[in-house]
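Asks: Generate a structure from the sequence data that follows.
(chains A and B)
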Amino acid sequence: MTAKVLEVEDLVVTIHTASGVLTAIDGVSFELHEGEVLGLVGESGSGKTLTGRAILRLLPSRRMAIQRGAIRLNGEDITKFDETRMRRVRGRSVGMIFQNPTSHLDPVMTVGSQIAESIRFYEGLPRKESLVRAAELLRQVDIPDPAVRLSSFPHEFSGGMRQRVMIAAALACRPKILIADEPTTALDVTVQAQILRLLLGLRERRGLSIILVTHDLGVVAQTCDTVAVMYAGRLLERAPKRNLLRGTLHPYTMGLIASQPGKGKPREELPSIFGQQPSLSDLPEGCRFHPRCDYSEAQCRAAVPPLEEVDVNHQTACRRWRELAKQKILGAA
Amino acid sequence: MSALLEIENLHVQFRLPQGLTELVTRKPRRIVKAVNDVSLTLKQGETLGLVGESGCGKTTLSRAMLGLIEIAAGRVRFDGDDVFNRRRTEQLALRRRAQMVFQDPYASLNPKLTVGQTLAEVFKVHRLCPLHQVPTRVAELMERVGLSPELEDRRPGELSGGQCQRVGIARALAVNPELLVADESVSALDVSIQAQILNLFLKLQQEMGLTMVFIAHDLGVVWHLCQTIAVMYLGRIVEIGDAEAIFRTPKHPYTQALIGAIPQMQADAALNANLLAGEPPSPLYLPSGCAFHPRCPHAMEVCRSGAPPVSHNTRLVKVSCHLYDKEKR
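Replies: Numbering: from 1, shown residues only, chains lettered A, B, ... in the order given. Sure thing, here's the model as predicted:
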């Protein structure tokens, strides 16, 4: 196993609202190894994006706070860092890209100066040299005519090209970790495939570790090494991709995989998970998935199921996984 | 089975606004050819899936089908009657038979109206039943799309995305339409909710014999729901025909690339090596010849010049590509 570059332990993020304190992320733990692509999967509102942002301590609102837990970057707990040290972490150690590049690039700044800005800030390179580096970065993300495109503005690029620019900017100071929050959701399938290939190529070339936040299990299947499934703020299952897709040990993951169209017989009813994800202000007792789970029992309602180690690197938060696996409902067929 | 919707040589163009310099220099107005010479027929009870990258004209085509936008040339006939050149009463009569469900479930509902009011409005506008029956009809409708009765007094802001989409579908179904056009109606939804809505569409198809046009960029969704598929590229249909045949053996290089790019959900899936390069060019500057030739791995000299190729019939599928010139009958 390669070196651990990031370790999140028992992370709890709370939101202060007028009606009380809500827990948006409840005890999430995972680790990221060098060169690994970790998929953080879940439906909207599951807390996957928030987890990604919490790692950079970029919570979207002042009402949110990291209540508990540790985020260890190369062994150092960054939740204890002050803002000055955090700034260095954000640029140099961990980069982040977002779903919508248009709203995360400055529309009145040329692409070149946006990328060069962080190189100048963190590495103190003079303007000219930083622009040379920026052009080299654009070349690495496969933008044609990089030297010319330096002086283009974001609106002169297409959606896929803007995403490439954002990747170049995030990698400007050679971070070892990239957090990609739904980087291809807004793109067409053809362009999505190009961007995913680019990310995997960068991992090869730079030894980058990637946390890929996505709701698309197809994307996960193509790119990730490990998958963590989140639901209503909790981690339900964590496993190497192959184990998860071949033999998941959690009913929610099973439901997610089954409800994906494109398999089975056309024009037949898709297996779907009934109901919807609970709201944070009205979370069920015990396992948060139990009201929607076909296999829930009294014990699921009674207490929160712990994340249990079932195999090497495979953990599930289902109390009934052993029984269900024996009945061939869960696990490899 | 008779044809419910016939589209013949449809062209839709948008004229771009001119800037001051363009006005002064008397440059001609620039024109976007959004839909280019599209012909298709939709049989009663058929489900057509319209796929393509963003900007290929799928939404424009679907709006033209219902007479919602002006067309430049061509003809759209619904059950034999022209969709355009209608008086207001005829327009309303068409709306009772053909309806649309939109992509963004929040934006397509009036935020100030409750679910009950939104649905009641349809019955009132179309005078579908006496006023005192409206509440019962609304309740029936909500049950049919799987909305629980207590949601009737809620406003869209208090609903989830899936619930809003059900309201949008209920609103379209209120008139008991024969044709339903769904424009990316499941794209904004989570997988588990998406499966629920797809099942609802399937149920409606089977129970009401609904004819549907289903626009989606997710080919898995289209594969699951549709019998016929039309693949669009820059305003033209490049391949159209039986869904099964197109998915199994796509003929047009663009369709091949599109299907190759679908993320496969297998444990050993890897990224497809034969990726399409680049992105679709702007419809403002259409390439000469076959519009796909700059990105096409099989482009030949003939593709670059001359008029775009005509469709050649294979048994179940029509494809517009020079590669199949020899198969011309």
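Asks: residues in contact with the closest residue to residue B:97 other than its chain neighbours?
Replies: Nearest non-adjacent residue to residue B:97, counting by CB to CB, 6 or more residues apart in numbering or on different chains: residue B:178, 5.0 Å away. In short, each C-beta sits where N, CA and C put it, glycine included. Residues in contact with residue B:178 (CB atoms under 8 Å, 6 or more residues apart in numbering or on different chains) are B:4, B:44, B:79, B:97, B:98, B:210, B:211.
Asks: Relative to chain A, how far out is residue B:180?
Replies: 16 Å (CB to the nearest CB, to the nearest Å).
Asks: Repeat that for residue B:52.
Replies: Taking CB to the nearest CB, one finds residue B:52 at 9 Å from chain A.
Asks: Please identify the helix or strand for the nearest residue to residue A:101 once chain neighbours are set aside.
Replies: With CB to CB, 6+ apart as the criterion, residue A:101 has its nearest non-adjacent residue at 3.9 Å, and that residue is residue A:162. Per DSSP states H and E: residue A:162 is located in helix A:159-170.
Asks: what's that helix packed up against?
Replies: strand A:94-97, helix A:101-104, helix A:111-123, helix A:127-140, helix A:189-206 (3 or more CB pairs under 8 Å, 6 or more residues apart in numbering or on different chains; DSSP states H and E).
Asks: what pLDDT does residue A:190 get?
Replies: pLDDT, residue A:190: 86.
Asks: pretty sure it is touching residue B:53, no?
Replies: Yes. Between residue A:190 and residue B:53 there is a contact at 6.3 Å, judged by CB atoms under 8 Å.
Asks: who's in contact with the residue in the stretch 1-150 of chain A that chain B sits nearest to?
Replies: Proximity of the stretch 1-150 of chain A to chain B (CB to the nearest CB) peaks at residue A:43, 3.8 Å away. Contacts for residue A:43 (CB under 8 Å, 6+ apart) come out as A:215, A:231, A:277, B:190, B:191, B:192, B:193.
Asks: Relative to residue A:207, how far out is it?
Replies: Distance of residue A:43 to residue A:207, computed by CB to CB, to the nearest Å: 32 Å.
Asks: sorry, back to before: mind listing residues that contact the helix holding residue A:162?
Replies: Contacts of helix A:159-170 (CB under 8 Å, 6+ apart): A:95-98, A:101-102, A:104-105, A:111, A:114-115, A:118, A:134, A:137-138, A:140-143, A:154, A:157, A:178, A:183-184, A:186-188, A:191, A:194-195, A:198-199, A:202, B:54, B:279.
Asks: Please report phi then psi for residue B:254.
Replies: phi -70, psi -50 (degrees, to the nearest 10).
Asks: How many neighbouring residues does it have?
Replies: Using other CB atoms under 10 Å in any protein chain shown, residue B:254 has 29 neighbouring residues.
Asks: just checking, it touches residue B:296?
Replies: Yes. In this structure residue B:254 lies within contact range of residue B:296 using CB under 8 Å: 7.3 Å.
Asks: show me where pLDDT drops low in chain A?
Replies: Chain A contains residues with pLDDT under 70 at A:1, A:333.
Asks: Let's see that with 80 instead.
Replies: Scanning chain A for pLDDT under 80 picks out A:1, A:262-264, A:332-333.
Asks: Kindly report the same for chain B.
Replies: B:1-2, B:85-86, B:188, B:264-275, B:277-281, B:306-315, B:325-329.
Asks: Can you show me the strands along it?
Replies: With DSSP state E as the definition, chain B shows strands at residue ranges B:3-15, B:31-43, B:47-51, B:73-78, B:81-82, B:98-101, B:179-183, B:211-215, B:228-233, B:236-242, B:312-313, B:317-319.
Asks: Adding mean neighbour count as columns, could you present those strands in a markdown table?
Replies: Compiled in a markdown table, those are given as follows (neighbours: other CB atoms under 10 Å in any protein chain shown):
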| stretch | mean neighbour count |
| --- | --- |
| strand B:3-15 | 17 |
| strand B:31-43 | 19 |
| strand B:47-51 | 26 |
| strand B:73-78 | 16 |
| strand B:81-82 | 12 |
| strand B:98-101 | 23 |
| strand B:179-183 | 24 |
| strand B:211-215 | 24 |
| strand B:228-233 | 25 |
| strand B:236-242 | 23 |
| strand B:312-313 | 16 |
| strand B:317-319 | 22 |
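Asks: Quick one: closest of those strands to residue A:311.
Replies: With CB to CB as the measure, strand B:47-51 is the member of those nearest residue A:311 (39.6 Å).
Asks: Pull up the residues of the stretch 101-250 of chain A that are close to chain B.
Replies: By CB under 8 Å from any CB of the partner chain, the residues of the stretch 101-250 of chain A that approach chain B are A:158-161, A:188-194, A:196-197, A:200, A:215-219, A:221-223, A:241-242, A:245-246.
Asks: neighbouring contacts of the helix or strand where residue A:323 lies?
Replies: If you go by DSSP H and E, residue A:323 is part of helix A:321-326. Helix A:321-326 has contacts (CB under 8 Å, 6+ apart) with A:249, A:250, A:251, A:295, A:308, A:310, A:318, A:330, A:331.
Asks: Need the winner for burial among the helices and strands packed on helix A:159-170.
Replies: Most buried of the helices and strands packed on helix A:159-170, by mean neighbour count (mean count of other CB atoms under 10 Å in any protein chain shown): strand A:94-97, with a mean of 23.
Asks: Provide the backbone phi and psi angles at residue A:237.
Replies: phi -150, psi 150.
Asks: and it, bridged to which residues?
Replies: When assigned by DSSP bridges, residue A:237 has beta-bridge partners residue A:229, residue A:316.
Asks: Could you verify my assumption that it touches residue A:228?
Replies: Yes. Contact criterion CB under 8 Å: residue A:237 and residue A:228 qualify, at 7.5 Å.
Asks: give me every residue that touches the nearest residue to residue A:268 once chain neighbours are set aside.
Replies: Distance criterion CB to CB, 6+ apart; nearest residue to residue A:268, sequence neighbours excluded, is residue B:202 at 7.7 Å. Applying CB under 8 Å, 6+ apart to residue B:202 gives the contacts A:267, A:268, A:269, B:225.
Asks: from what I can see residue B:224 touches residue A:272, true?
Replies: No. Contact criterion CB under 8 Å: residue B:224 and residue A:272 do not qualify, at 11.9 Å.
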